[in-house]
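1. have a look at this fold, sequence not included:
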């Protein structure tokens, strides 16, 4: 892929993420939003919907022939190649409960599930994680790379229970128990995109979660891979279900052994 094309898409994604981040912070401070339930433990706010409109509007001005897959608006077709994958607020529960761990997540792909550009913006901390294929991964302009931890007993893991699918809890917690027994400690931040970005930056080492949507992790995947990490999905990625294992690459096989039982 031509680096100039990647840079153009990355620049637009960064601008859209920053604009949406400012809009989300303004909504959070004013509390001028309503919370509704889509499914069990799956919430959406007015701010999510307004952010997605803003992001799509900005991108469409620059790339009118490209399509979109957004968490709130779904799939839109376009004649040109390229698909934008958008989670306008990843970590919606954190957002409306006043927890600062929510992000704007934007990815761009030509081949499905192979994101070429990824941007994850944390507006409460003004941290901008971004990457384009073959151009490295960065946080606020500084190159980032995954950790060098290869012994699982020193690893800091992210494990997130299937809070929207309690029927999967028994198998999940059995796997988490095996991970817990072999690692240093476990965290959960409430945003898949943020957790992937933190692994990319070397702050965390591994991640296991079931039943994510592709919009949850597309941007994080692009950043993590460019930072030297690995991410895969049992059964392959899809728009609607991703059972994710992600890591610094050095403990990836170990995570799979625990997860696969």
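-> Great, that's in hand. Quick caveat, the model's predicted, so the values are computed rather than measured.
2. and the helix or strand where residue 14 lies, how far from the chain's centre?
-> Assigned by DSSP states H and E, residue 14 belongs to helix 3-30. In terms of Cα atoms, centre = their mean, to the nearest Å, the centre of helix 3-30 is found 15 Å from the chain centre.
3. with stretch 54-62 instead?
-> 20 Å.
4. thinking again about what came up before, list the helices and strands the helix holding residue 14 packs on?
-> Other elements packing on helix 3-30 under the criterion 3 or more Cβ pairs under 8 Å, 6 or more residues apart in numbering; DSSP states H and E are helix 46-62, strand 83-90, strand 103-109, strand 115-122, strand 127-132. Placement of C-beta: from N, CA and C, glycine included.
5. chain center to the shortest one: distance?
-> I take that to be strand 127-132. Using Cα atoms, centre = their mean, the offset of strand 127-132 from its chain centre is 11 Å.
6. and the closest residue to residue 82 other than its chain neighbours, how many neighbours?
-> Leaving out its chain neighbours, the residue that sits closest to residue 82 by Cβ to Cβ, 6 or more residues apart in numbering is residue 66, at 4.1 Å. Applying other Cβ atoms under 10 Å, we find 19 residues neighbouring residue 66.
7. tell me the spacing between residue 66 and residue 144.
-> From residue 66 over to residue 144 the distance is 27 Å, taken as Cβ to Cβ, to the nearest Å.
8. now swap in residue 26 and tell me
-> Where residue 144 is concerned, residue 26 sits at a distance of 28 Å (Cβ to Cβ).
9. quick check: mean pLDDT of the helix holding residue 14?
-> Averaged across helix 3-30, the pLDDT comes to 94.
10. for that helix, buried residues please.
-> 6, 9-10, 12-14, 16-21, 23-25, 27-28 (16 or more other Cβ atoms under 10 Å).
11. which one is the residue nearest the centre of the chain nearest to, not counting chain neighbours?
-> Closest to where the C-alpha atoms of the chain average out (Cα atoms, centre = their mean) is residue 193, at 2.1 Å. Excluding the flanking residues, the one nearest residue 193 by Cβ to Cβ, 6+ apart is residue 105, at 4.0 Å.
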